[in-house]
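Undergrad: Here is a sequence with its predicted model. Questions after.
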Amino acid sequence: MPTKNQKMVPRKPRTDAQRNRGRILEVAKEAFTRSGANASLDDIAKEAGVGAGTLYRHFPTRDALIEAVYRTEVEKLAAAERKFSDAMPPVEALRAWMLLFVDYIAAKQIIAPALNSLVGGPSKLYEGSRGQIQGAIDSLVKRAIKSHDIRRDLEPFDLLRALIGVSHVASGPDWQQSARRLVDILITGSRPIK
């Protein structure tokens with residue numbers, strides 16, 4: 001126990017605890033995709049290879065698990081911006097991130113009914129994610145403009161708006177393929193006019 005003048009430093013989670021948490025989130029995303037917000041938490045624990053106690057230690061409520069799944073997807077999207085920027089030319093990084101954004105939209109649509117079950121709705125959760133997503137697309141577009149791969153007058157949010165629009169007018173399960181084709185159309189249309 002620390003003395004009066006010492007501060008408690010939170011202990012870093014053990015590697016196996018981090019692995020369990022990640023596996024639970026992975027399985028939960030798939031379960032919410034299949035069954036919606038009412039997916040069995042016991043089945044999620046079993047499929048993740050952990051006991052129910054382990055699941056509840058990480059996620060004390062269903063809402064906590066649903067929120068964590070959503071936040072994890074947003075964090076993956078934000079991290080991908082940095083990874084793609086480090087590994088690819090600017091316009092290719094932008095394209096790869098936009099394709100990943102299509103997957104994010106799909107995940108968001110899949111877990112939206114579950115998110116809506118959260119007390120007070122998902123608006124605060126969405127507000128926090130919007131800033132991360134906006135920051136990522138802004139950075140990628142600025143980099144592509146600087147390399148002269150993209151027109152200077154391009155508004156980054158217009159790219160997202162187009163992809164989100166395709167998902168909202170989706171009339172069938174093939175909207176993701178349509179959105180993926182749209183990514184290439186948007187990149188081509190964003191090139192500087194010669």
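TA: Yep, it's here.

Undergrad: now for the strand or helix carrying residue 95, which elements pack on it?
TA: Element membership of residue 95, judged by DSSP states H and E, is helix 90-116. Helices and strands in packing contact with helix 90-116 are listed as helix 15-35, helix 62-87, helix 123-146, helix 156-168, helix 175-189; criterion 3 or more Cβ pairs under 8 Å, 6 or more residues apart in numbering; DSSP states H and E. Any C-beta I mention is one placed from the backbone N, CA and C, and that applies to glycine too.

Undergrad: again, 6 Å this time
TA: Identification of packing neighbours for helix 90-116 by 3 or more Cβ pairs under 6 Å, 6 or more residues apart in numbering; DSSP states H and E yields helix 15-35, helix 62-87, helix 123-146, helix 175-189.

Undergrad: what inclination does the last one have with respect to helix 123-146?
TA: Going by axes from the mean of the first three to the mean of the last three Cα atoms, to 10 degrees, helix 175-189 is angled at 40 degrees with respect to helix 123-146.

Undergrad: Residues in contact with stretch 98-109: which ones?
TA: Taking contacts as Cβ atoms under 6 Å, 6 or more residues apart in numbering, the residues outside stretch 98-109 that touch it are 73, 77, 80, 167, 176, 179, 180, 183.

Undergrad: who wins for neighbours among those residues?
TA: The most crowded member of the contacts of stretch 98-109 is residue 179, carrying 24 neighbours; neighbours defined as other Cβ atoms under 10 Å.

Undergrad: Pull out the buried residues from the helix or strand containing residue 44.
TA: Under the assignment given by DSSP H and E, the secondary-structure element containing residue 44 is helix 41-48. By neighbour count on 16 or more other Cβ atoms under 10 Å, the buried set for helix 41-48 is 41, 44, 45, 47, 48.

Undergrad: I'd like the mean pLDDT over it, please.
TA: Per-residue pLDDT values across helix 41-48 average out to 95.

Undergrad: Tell me what angle it forms with helix 62-87.
TA: Relative orientation of helix 41-48 with respect to helix 62-87: 40 degrees, computed using the same axes, to 10 degrees.

Undergrad: Cool, thanks, signing off.
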